[in-house]
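Novice: Sequence and predicted structure, then a few things I'm wondering about:
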Amino acid sequence: MQETHISLAHGNGGRFMRELIDELFVKHLANEFLDTTVDAARIEFEWGYDTFVTTDGFTVKPLEFPGGNIGSLAVHGTINDLSVAGAVPKYLTLNMFIEEGLEIAQLERIVASIGVAARDAEVPVVAGDTKVVARGEGGGLYLATTGFGLRNSRIDLGMCRIREGDVLLVNGPIGDHGTAVLLAREEFGLRGDLKSDSASVFEIAQALLMVDGLRFMRDPTRGGLASVANEIVAATGRGVRLKESSVPIQEPVRSVCDMLGYDPYYLACEGRLVAVVDPHHAASALSAMRTVAGGTASTIIGRVEDDSKQHVVLETELGGERILEELEDDPLPRIC
């Protein structure tokens, strides 16, 4: 490609668009299923498994941040939605909405990261579409994905299975992604080297599926840990109690939140998994999580209570209590 920036011609279906697809997208995303000469991809499923489908959209500013970019974020986010449902991710589709004027070198870095993340997860991108919007009508680049996965029909997960006394576990510090993106904007005179936690949680989810007593899994993306806990309250009619001293939060996250008035319990995570487990199997679940990459910092952070207090209660380190209400206002500009 001779061009250095995206033009409207890259989305008109002609030569420029074909060059963009063949010389950039196919270069980084090629696999045995991807055929850019047809309008539908052939994929294979296995009998005896339930098919799971998820779809998601991604908009983040800046497009690149410490620990990842919008491309790797899209792959990890879609894979994680399937993983916490107990499914094995099999295929992805990818839609790109590119703003006129985006530097092609930056676009290639992002597409390359999509390719790396997809290959590392062994989940190929099998189909996609490209649209170009006029300058000023987009945020540089928006992505939309669809993921397909398979789950053994004997697996049974869901909030309906959660019981009083069950424990909550998380596989690492919360709020890293939201804080890393905020720092990457260099707003408020702040800078830092904190990295986003954007990563696949598939291996952790698979380890947990081998543990008896697993009730439910969820990745705490938009709205963070507090929103997952509030979803459990709303779905079960029971309370959730979190222990502040047990919830892992890195010091840079605490510092940024203290300075700017943000609450780390509501900040997005992109490589974290929250699991709800029968208390008799909590030790086994924790051990299983700690044996796989990305799970060594796993810890028990709280428990499900009876229906006398249908709230999320944070037990503070000073011995007090704070209710974590359901999120209404967005704590940050969109970051996932």
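Specialist: Okay, I see it. Numbers count the residues shown, from 1 in each chain.

Novice: show me where the stretch 201-336 of the chain has strands.
Specialist: 214-218, 240-243, 274-277, 299-304, 312-315, 321-323 (DSSP state E, counting those that start in this stretch).

Novice: Turn those into a markdown table, columns for mean neighbour count.
Specialist: Bear in mind the C-beta positions are built from the backbone N, C-alpha and C, glycine included. Output for the strands of the stretch 201-336 of the chain, formatted as a markdown table (neighbours: other CB atoms under 10 Å):
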| stretch | mean neighbour count |
| --- | --- |
| strand 214-218 | 23 |
| strand 240-243 | 21 |
| strand 274-277 | 26 |
| strand 299-304 | 20 |
| strand 312-315 | 21 |
| strand 321-323 | 12 |
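
Novice: of all the ones you listed, which lies closest to Phe45?
Specialist: Distance to Phe45, taken as CB to CB, is lowest for strand 214-218 among those, at 22.5 Å.

Novice: Return the list of strands paired to the closest one, each annotated with direction.
Specialist: With DSSP bridges as the test, strand 214-218 is paired with strand 274-277 (antiparallel).

Novice: Please put the alpha-carbon coordinates of the partner strand into CSV.
Specialist: The C-alpha coordinates for strand 274-277 follow below in CSV (Å, rounded to 0.1, in the frame of the first residue of the first chain):
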residue,chain,number,x,y,z
VAL,A,274,-15.2,-13.3,39.2
ALA,A,275,-16.4,-16.8,40.2
VAL,A,276,-19.0,-17.8,42.7
VAL,A,277,-18.4,-21.2,44.4
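
Novice: returning to that earlier point: dump the strands of the stretch 201-336 of the chain to a markdown table, plus mean pLDDT and distance to Gly140.
Specialist: Output for these, formatted as a markdown table (pLDDT from 0 to 100; distance: least, CB to CB, whole Å):
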| stretch | mean pLDDT | distance to Gly140 |
| --- | --- | --- |
| strand 214-218 | 97 | 30 |
| strand 240-243 | 98 | 37 |
| strand 274-277 | 98 | 31 |
| strand 299-304 | 98 | 36 |
| strand 312-315 | 97 | 36 |
| strand 321-323 | 95 | 38 |
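
Novice: now stretch 18-26, how far from the chain's geometric center?
Specialist: The chain centre lies 27 Å from the centre of stretch 18-26; the measure is CA atoms, centre = their mean, to the nearest Å.

Novice: Check which residues of it are buried.
Specialist: Leu20, Ile21, Leu24, Phe25, Val26 (16 or more other CB atoms under 10 Å).

Novice: contacting residues for the third one?
Specialist: What that stands for is Leu24. Counting by CB atoms under 8 Å, 6 or more residues apart in numbering, Leu24 touches Met1, Ile104, Leu107, Glu108, Val111.

Novice: Can you turn the buried subset of those residues into a selection I can paste into ChimeraX?
Specialist: What follows is the ChimeraX syntax for the buried subset of those, where burial is set by 16+ other CB under 10 Å:
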select :104,107,108,111
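
Novice: quick check, nearest of the contacts of Leu24 to Leu141?
Specialist: Closest approach between those and Leu141, by CB to CB: Leu107, at 7.0 Å.

Novice: Please look at the closest one and Leu141 and confirm they touch.
Specialist: Yes. Using CB atoms under 8 Å, Leu107 is in contact with Leu141, at 7.0 Å.

Novice: anything in contact with each of these two?
Specialist: Jointly contacting Leu107 and Leu141 under the rule CB under 8 Å, 6+ apart are Ile98.

Novice: low-scoring pLDDT stretches of this structure, where are they?
Specialist: Scanning the chain for pLDDT under 70 picks out 38, 187-189, 329-336.

Novice: re the thing from before, quick one: the strands of the stretch 201-336 of the chain as CSV, columns for distance to Val125 too.
Specialist: Below are these laid out as CSV (distance: least, CB to CB, whole Å):
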stretch, distance to Val125
strand 214-218, 24
strand 240-243, 37
strand 274-277, 28
strand 299-304, 34
strand 312-315, 37
strand 321-323, 43
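
Novice: how many neighbours does Gly261 have?
Specialist: 8 (other CB atoms under 10 Å).

Novice: which residues of the stretch 151-300 of the chain fall in helices?
Specialist: Ranges of helices within the stretch 151-300 of the chain are 176-184, 202-209, 224-236, 251-260, 282-290, based on DSSP state H, counting those that start in this stretch.

Novice: can you check the stretch 1-150 of the chain too?
Specialist: With DSSP H, counting those that start in this stretch as the criterion, the stretch 1-150 of the chain has helices spanning 15-20, 26-29, 70-83, 104-121.

Novice: hang on, the earlier thing: can you tell me which of the helices of the stretch 151-300 of the chain is most buried?
Specialist: Mean neighbours per residue, mean count of other CB atoms under 10 Å, is largest over the helices of the stretch 151-300 of the chain for helix 176-184, with a mean of 27.

Novice: Closest to His177 out of the contacts of Leu24?
Specialist: Nearest to His177, judged by CB to CB, of the contacts of Leu24 is Val111 at 21.0 Å.

Novice: end-to-end on stretch 252-267?
Specialist: Stretch 252-267 has an end-to-end distance of 13 Å (criterion: CA to CA, to the nearest Å).

Novice: tell me the most buried of the helices of the stretch 1-150 of the chain?
Specialist: The highest mean neighbour count among the helices of the stretch 1-150 of the chain, using mean count of other CB under 10 Å, belongs to helix 70-83: a mean of 27.
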